[in-house]
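Student: Quick one, what's the 3D model for this:
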Amino acid sequence: MLEKLLNENTVQISNDKDLDWRQAIKLAAQPLLKEGAIETEYITSMIENVENQGPYINIGSKIAMAHARPECGANKISLSFLKTNYTINLLSKDHPINLWFVLSATDNKSHLSLIRDLMNLLTDNEKISYLLNANSKEQLLAGLNLRRKKR
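Tutor: Got it, this is the predicted structure:
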């Protein structure tokens, strides 16, 4: 499922050293907004969730997965990914993030296989290292699609 959702249209890389965590979430969500997978209020809700509940979206070392309730503007199951070349602190320096995922789901169950696939990727230290060191969208896509770069 990851290979279907994470593609040239939903994967981004940013060299902007001035982004804050709110801007990173907004930027990471733009492909989903553009394709109609989410509404603007979904982005607002993701940001408000972090403001109200803390950095719960920090799901691993340098990894965040922003999401909101389905009723907050999710139109379909979708996923986008932003790699920031400059580390962004999520609320504090205790939560440095470079890999920003945005998940949308229309209910509480239909996205569970996507979560499983994503967790398999995100628990592979070699793949995370590859993504953190990627310098182009092409390298990110290769890492996300589980293809090894030839050396």
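
Student: After the worst-scoring helix or strand of the chain on mean pLDDT, which helix or strand is next?
Tutor: Every helix and strand in the chain was compared by mean pLDDT, DSSP states H and E; the lowest is helix 2-5, with a mean of 84. Scanning forward in sequence from helix 2-5 by DSSP states H and E, the next helix or strand is strand 11-14.

Student: which parts of the longest strand seen in the chain are buried?
Tutor: Longest strand in the chain, counting residues (DSSP state E): strand 78-89. Using 16 or more other C-beta atoms under 10 Å as the test for burial, strand 78-89 gives 78-84, 88. No exception for glycine: its C-beta is placed from N, CA and C like everyone else's.

Student: Repeat that for stretch 108-118.
Tutor: Buried, per 16+ other C-beta under 10 Å, within stretch 108-118: 111, 114, 117-118.

Student: now stretch 57-67
Tutor: So, applying 16+ other C-beta under 10 Å, buried residues of stretch 57-67: 57-58, 62-67.

Student: Check stretch 93-101 too.
Tutor: Neighbour-count burial for stretch 93-101 [16+ other C-beta under 10 Å]: 95, 97-101.
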